[in-house]
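[1] Build me a model:
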Amino acid sequence: MPEGTSSETGHPGLPVPKGDRGHCHGRLRVTHSPQRPEEGLALFHRIVRLAAVLLALFALGPAAAPAAQPRQQPQAQRIIAVGDLHGDYSAWLAVARAAGLIDAARHWAGGPTTLVQLGDVTDRGPDSLRIIRNLRQLQAEAPRSGGRVVVILGNHEAMNVLGDLRYATPGEFASYADARSPARRERLYGAIRQQLEAEARKANPDIKPSQVREQWLAKTPLGWVEHRAAWSPNGELGRWARANPAVAKIGDTLFVHGGLSADYAPLGVDEINRRATAAMTGADQSPTSIISDPLGPLWYRGLVTRDPKRDPDGAAAAQASGRPRLPIDEELAAVLAATGAKRMVIGHTPSLNGIAITNGGRLARIDTGISRFYGGPLSWLEIAGDRMTPHTTGRPAQ
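    Numbers count the residues shown, from 1 in each chain. From the prediction side, this is the model:
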């Protein structure tokens, strides 16, 4: 994939991922017929309306609320920032070990280090559940040594909560499945069968109930039900994701998944995070929602490119706003001034040649395509005071 582009415009309650697959897996793609986003969202909303039925059927009540992530904190002695991981567990382990964050048993070994993971743990690869489990474990362990783990909310985590599963792979769903998955899927189908058949007959009055069932099962692989329960706004992972900040300011550095635009910076870090949490809680998928807005912190690419071919949604949103856009360097300066920061660290827009530190050291792009899906370098950024140092390590054998 060309530089700077993207194809996208244990804990209780979750099944244990199958096997101890510490090695890398090959690049996976969705093998079933792709579903249009509006169709997938319509199905999701139907299931949301039957949430009470689903929870009663599967006894999947809301998990206890996770501890809120820090919105702002004093400068740490050492900060390690890691970009988008997209379901590549072995790549994550390689980076975490090389950066001195975990030991051989995958427990926290970073002492007083602050780890900031820039979001987009999910989708494209099969093992995001294993990465999330490890990150949550490290979030609990790091404070015992004076460290901290901050996970930034990425657009793919928001997409999972909103039911936009365009980039979820068969392996991703399979990691949520267990021996009871076939029965859960059948029970869910029974709960929504009449609705599905009625809708199918609108398009094809002659369709048979058995055909409706076959079509639905083809679009609902084993593990899908558990995945959707976990990623619903009140599900275990939905609650974890919505507690993660959209923007974190640590000392003089801003961390945000996509980028912070001049449209949102005047709100301040706390208000941005409040709005993101509210949007995640309400599964707000409106175009102007902070978690869907191309100018919002989860999607913004305007600090990297203004080319409408590379960022058509951002260009359209900026034009629709009716406000003149500052040149990139001026916008970055304005955003940093508004937030009282010296620099910004972002992910989201791949830089497959490695970490890019630009704009006189005021912007660091650390999404280097770590996942095997992209095949970029395994990297992390070390921040100590005003010094930013990129690092890389080798990719484990597949």
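
[2] mean confidence for the helix or strand hosting A81?
    Using DSSP states H and E, A81 falls within strand 79-82. On average, the pLDDT along strand 79-82 is 98.

[3] what do you get for stretch 246-264?
    The average of the pLDDT scores along stretch 246-264 is 97.

[4] that older thread, contact partners of the strand holding A81?
    Contacts to strand 79-82, defined as C-beta atoms under 8 Å, 6 or more residues apart in numbering, come from residues 92, 95-96, 99, 101, 110, 113-118, 250-251, 253, 255, 345, 364, 366, 370, 379-384. All C-beta atoms are positioned from the backbone trio N, CA, C, and that covers glycine.

[5] now it: how far from the chain's centre is it?
    Averaged C-alpha coordinates place strand 79-82 at 17 Å from its chain's average position (C-alpha atoms, centre = their mean, to the nearest Å).

[6] Strand partners (parallel or antiparallel) of it?
    Sheet pairing of strand 79-82 (DSSP bridges) gives strand 114-117 (parallel), strand 378-384 (antiparallel).

[7] what bridges to V149?
    In this entry, V149 is beta-bridged to L115, by DSSP bridges.

[8] That one: neighbour count?
    Taking other C-beta atoms under 10 Å as the criterion, the count of residues near V149 is 25.

[9] The one 4 residues further on now?
    The burial metric for L153, expressed as a neighbour count using other C-beta under 10 Å, is 29.

[10] How about the contacts made by it?
    L153 is in contact with 119, 241-242, 244-246, 257, 276, 280, 291, 298, counting by C-beta under 8 Å, 6+ apart.

[11] thinking again about what came up before, most packed of the strands paired with strand 79-82?
    strand 114-117 (a mean of 26; mean count of other C-beta atoms under 10 Å).

[12] about what we covered before: may I see the strands paired with strand 79-82 arranged in a markdown table, with distance to L129 and mean pLDDT as well?
    Shown next, in a markdown table, are the strands paired with strand 79-82 (distance: least, C-beta to C-beta, whole Å; pLDDT from 0 to 100):
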| stretch | distance to L129 | mean pLDDT |
| --- | --- | --- |
| strand 114-117 | 15 | 98 |
| strand 378-384 | 20 | 98 |
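
[13] Now distance to A203 too, for those strands, in a markdown table please.
    Listed next are the strands paired with strand 79-82 as a markdown table, based on distance: least, C-beta to C-beta, whole Å:
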| stretch | distance to A203 |
| --- | --- |
| strand 114-117 | 43 |
| strand 378-384 | 47 |
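
[14] And the ones you listed: which comes nearest R187?
    strand 114-117 (35.7 Å; C-beta to C-beta).

[15] Now do R180 against D313, distance only.
    Here the distance between R180 and D313 works out to 40 Å (C-beta to C-beta, to the nearest Å).

[16] picking that back up, ok, and for the strand holding A81, which residues are buried?
    79-82 (16 or more other C-beta atoms under 10 Å).

[17] can you give me the helices in the stretch 151-300 of the chain?
    For the stretch 151-300 of the chain, the helices defined by DSSP state H, counting those that start in this stretch cover 155-162, 170-174, 181-203, 209-219, 224-231, 236-243, 269-281.

[18] Could you identify which of the ones you listed is most buried?
    Of the helices of the stretch 151-300 of the chain, the one with the most neighbours on average (mean count of other C-beta under 10 Å) is helix 155-162, at a mean of 27.

[19] got the angle between that one and helix 224-231?
    Using axes from the mean of the first three to the mean of the last three C-alpha atoms, to 10 degrees, the direction of helix 155-162 lies 110 degrees away from that of helix 224-231.

[20] so what secondary structure elements neighbour helix 155-162?
    Taking 3 or more C-beta pairs under 8 Å, 6 or more residues apart in numbering; DSSP states H and E as contact, the helices and strands that helix 155-162 lies on are helix 236-243, helix 269-281.

[21] Need the residues that contact it.
    Residues from elsewhere that reach helix 155-162 (C-beta under 8 Å, 6+ apart): 8, 41, 44, 86, 119-123, 165-168, 231-233, 237-238, 241-242, 244, 257-258, 279-280, 283, 285, 291-292, 298-299, 348.

[22] returning to what we had before: between the strands paired with strand 79-82, which one is nearest to G154?
    Taking the strands paired with strand 79-82 one by one with C-beta to C-beta, strand 114-117 is closest: 9.0 Å.

[23] Can you name the next helix or strand after the closest one?
    Under the assignment DSSP H and E, the closest C-terminal helix or strand after strand 114-117 is helix 128-141.

[24] mind checking how far that next one is from the chain centre?
    On C-alpha atoms, centre = their mean, the centre of helix 128-141 falls 14 Å from that of its chain.

[25] now do stretch 370-389
    The answer for stretch 370-389 is 17 Å, by C-alpha atoms, centre = their mean.

[26] Please put the alpha-carbon coordinates of it into PDB.
    C-alpha atoms of stretch 370-389 as PDB (Å, rounded to 0.1, in the frame of the first residue of the first chain):
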ATOM      1  CA  ILE A 370       3.300  -3.000  12.200                       C
ATOM      2  CA  SER A 371       0.700  -5.600  11.400                       C
ATOM      3  CA  ARG A 372       1.700  -8.300   8.900                       C
ATOM      4  CA  PHE A 373      -1.300  -7.100   6.900                       C
ATOM      5  CA  TYR A 374       0.700  -4.100   5.900                       C
ATOM      6  CA  GLY A 375       4.200  -5.600   6.300                       C
ATOM      7  CA  GLY A 376       5.800  -2.400   7.600                       C
ATOM      8  CA  PRO A 377       8.600  -2.200  10.200                       C
ATOM      9  CA  LEU A 378       8.000  -3.100  13.800                       C
ATOM     10  CA  SER A 379       8.600   0.200  15.500                       C
ATOM     11  CA  TRP A 380       8.200   2.200  18.600                       C
ATOM     12  CA  LEU A 381       9.000   5.800  19.600                       C
ATOM     13  CA  GLU A 382      10.800   6.600  22.800                       C
ATOM     14  CA  ILE A 383      10.300  10.000  24.400                       C
ATOM     15  CA  ALA A 384      12.600  11.400  27.100                       C
ATOM     16  CA  GLY A 385      12.100  15.000  27.900                       C
ATOM     17  CA  ASP A 386      12.200  16.800  24.500                       C
ATOM     18  CA  ARG A 387      14.100  14.000  22.700                       C
ATOM     19  CA  MET A 388      12.200  11.600  20.500                       C
ATOM     20  CA  THR A 389      14.000   8.500  19.300                       C
END
